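Chemist: sequence first, then the predicted structure, then my questions.
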Amino acid sequence: MSGLTTTGDPSRNKRRRSYDRGRTTRDALIATAERLFAERGLDAVSLREIAAAAGSHNTGAAQYHFGDKERLLEAIFEHRATVLNARRSVLLARATGTGTAQATIQATVEAIVWPLAELVGYGQYVSFLARLQADHARDHRIRRPESGMDTTFRQARDILRHALPTLPESVFRRRFNLAMRMAIAALADYERVHATEAQPDAATNLATDPAGRDPAGPPSDGELHDLVTDLTEAMSGMLAAPSSRTTTGAVRSGERRLPTVDASHADCQSGEDAESCSTPSEQLPNRPR
C-alpha cells in the first residue's frame with residue numbers, strides 16, 4: 001500500500017511556486033517604485049528602471065505585472081490603503097462620541113494624520129503622496145470615489161464637515177485641502193530626512209508593525225510625536241477658525257473690499273512716523289473697482 005502514498009500534485013505545486021515568485025516580484029516592484037517615485041518624481045522614472053532597481057533580470061517585469069505607469073501608481077496606493085483603512089477605522093471609532101465639536105474635530109484629524117505618520121520608516125509612502133498630490137490630474141484619477149481605496153479618509157472628511165455646519169462648503173473644502181497639503185508636506189519632509197533609517201523590507205513589515213502601533217501612547221520617536229501633535233492642533237485650528245464669510249462667494253460679490261490709503265497717509269506705507277498711522281482701517285476710503 002505504501003506505493004499508493006502521494007506527496008501532492010506536482011503540477012499544482014509548480015503553479016504555487018510560480019505564483020509565490022510572481023507575488024514576491026510584484027511586491028518588490030511596488031516597494032521600489034514607491035521609493036524611486038518619492039525620490040525623483042513620477043515622470044522621472046521609467047518602468048524599466050524600476051524593474052532593474054528591484055533586482056529583476058527581466059527589464060519588462062514592471063510592464064508585465066502592471067501594464068503601464070498609471071496602474072503601477074494605483075497599485076502603490078492600493079498596497080498602502082489596506083493598512084491605512086484598517087488603522088484609521090479603529091481611530092475613527094474612538095473619535096465618535098467624544099463630546100464637543102472641537103473634541104470631535106481634534107480626534108478626527110488625529111485619525112487622519114496618525115496612520116500616515118506611523119508609516120514613516122516603512123518605505124517612503126508619504127513622500128510618494130507628496131509627489132502625487134502635486135500632480136493634480138493623476139491624484140484625482142487615483143483617488144476617484146468609485147475606487148473605494150480611501151474609504152476611511154472620505155469618512156473622516158465627512159465627520160469633519162458635519163462638525164462644522166456653519167462653514168460654507170467652498171470654505172471647508174479649501175481649508176481641508178490646505179490642511180492635508182500641509183500635513184503631507186510636513187510628514188514628507190520629516191520622512192526624507194530620516195529615509196536612511198527606513199526598514200529594508202518595507203513591503204513585508206508594512207502589513208504588521210505600523211498597524212500594531214497605538215498613538216494613545218508615545219511612539220519611540222519623540223520628534224515625530226511632537227510633529228504630529230503640532231500638525232493636528234494646527235489643522236484643527238485652521239478648520240474650526242471663524243469665517244468672515246457667512247455665505248459662499250461673499251467676497252466675489254463685492255460685499256467686502258480691501259481698504260486702501262490716500263496720499264495723506266503715504267508715511268504709513270513707507271514705514272515712517274508710526275504714530276501717524278493710527279487711522280482705523282475702516283475709516284480709510286475703499287479702492288475703486
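Modeler: Structure's in. What do you need? Numbering: from 1, shown residues only.
Chemist: in this structure Leu227 contacts Ala117, no?
Modeler: Yes. Leu227 is within contact range of Ala117, at 7.4 Å (criterion: C-beta atoms under 8 Å). Quick note: C-beta positions are derived from backbone N, CA and C, even for glycine.
Chemist: so what sits against both of these two?
Modeler: Common contact partners of Leu227 and Ala117 (C-beta atoms under 8 Å, 6 or more residues apart in numbering): Leu187.
Chemist: between the two, tell me which one has more neighbours.
Modeler: Legend: neighbour count by other C-beta atoms under 10 Å for Leu227 and Ala117, higher for Ala117 (26 against 19).
Chemist: nearest residue to that one other than its sequence neighbours?
Modeler: Among residues not flanking Ala117 along the chain, Val228 sits closest, at 4.8 Å (C-beta to C-beta, 6 or more residues apart in numbering).
Chemist: ok, now which ones touch that neighbour?
Modeler: With contact set as C-beta under 8 Å, 6+ apart, Val228 has these partners: Glu110, Val113, Trp114, Ala117, Pro215.
Chemist: tell me if I'm right that the third one and Leu91 touch.
Modeler: Yes. Counting by C-beta under 8 Å, Trp114 sits close enough to Leu91 to count as a contact (6.4 Å).
Chemist: quick one on the thing from earlier: for the residue nearest to Ala117, grab phi and psi.
Modeler: Dihedral angles of Val228 (phi, psi; degrees, to the nearest 10) stand at phi -60, psi -40.
Chemist: surely Phe37 and Val45 touch.
Modeler: Yes. Assessed by C-beta under 8 Å, Phe37 is found in contact with Val45 at 6.0 Å.
Chemist: check which helices and strands the one helix or strand Ala52 maps to sits against.
Modeler: Using DSSP states H and E, Ala52 sits in helix 47-53. Packing contacts for helix 47-53, counted by 3 or more C-beta pairs under 8 Å, 6 or more residues apart in numbering; DSSP states H and E, involve helix 10-40, helix 61-66, helix 69-95.
Chemist: tell me which of those is the most buried.
Modeler: When the helices and strands packed on helix 47-53 are scored by mean count of other C-beta atoms under 10 Å, the highest mean neighbour count falls to helix 61-66 (a mean of 21).
Chemist: tell me the mean pLDDT over that one?
Modeler: The average pLDDT for helix 61-66 rounds to 94.
Chemist: for it, name the packing helices and strands.
Modeler: Contacting helix 61-66 under the criterion 3+ C-beta pairs under 8 Å, 6+ apart are the following elements: helix 10-40, helix 47-53, helix 69-95.
Chemist: reformat the ones you listed as CSV; add mean pLDDT and distance to Glu169.
Modeler: What follows is these, written out as CSV (pLDDT from 0 to 100; distance: least, C-beta to C-beta, whole Å):
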stretch, mean pLDDT, distance to Glu169
helix 10-40, 79, 33
helix 47-53, 95, 40
helix 69-95, 92, 22
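Chemist: minimum distance to Asn177: which of the ones you listed has it?
Modeler: With C-beta to C-beta, the closest approach to Asn177 among the helices and strands packed on helix 61-66 belongs to helix 69-95: 18.1 Å.
Chemist: I'd like the next helix or strand past the closest one.
Modeler: Immediately after helix 69-95, counting by DSSP H and E, sits helix 101-117.
Chemist: for the record, mean pLDDT for that following helix?
Modeler: Helix 101-117 carries an average pLDDT of 95.
Chemist: what residues of the helix or strand that it is followed by count as buried?
Modeler: Using DSSP H and E, the helix or strand that directly follows helix 101-117 along the chain is helix 125-134. Applying a neighbour-count criterion of 16 or more other C-beta atoms under 10 Å, one finds Tyr125, Val126, Ser127, Phe128, Leu129, Ala130, Arg131, Leu132, Gln133 buried in helix 125-134.
Chemist: using CSV, write out every CA atom in helix 125-134.
Modeler: The C-alpha trace of helix 125-134 is given here as CSV (Å, rounded to 0.1, in the frame of the first residue of the first chain):
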residue,chain,number,x,y,z
TYR,A,125,4.9,56.4,1.1
VAL,A,126,4.3,59.9,2.5
SER,A,127,6.9,61.3,0.2
PHE,A,128,5.3,59.4,-2.7
LEU,A,129,1.9,61.1,-1.7
ALA,A,130,3.6,64.5,-1.7
ARG,A,131,4.7,63.8,-5.3
LEU,A,132,1.3,62.5,-6.3
GLN,A,133,-0.7,65.4,-4.8
ALA,A,134,1.5,67.8,-6.8
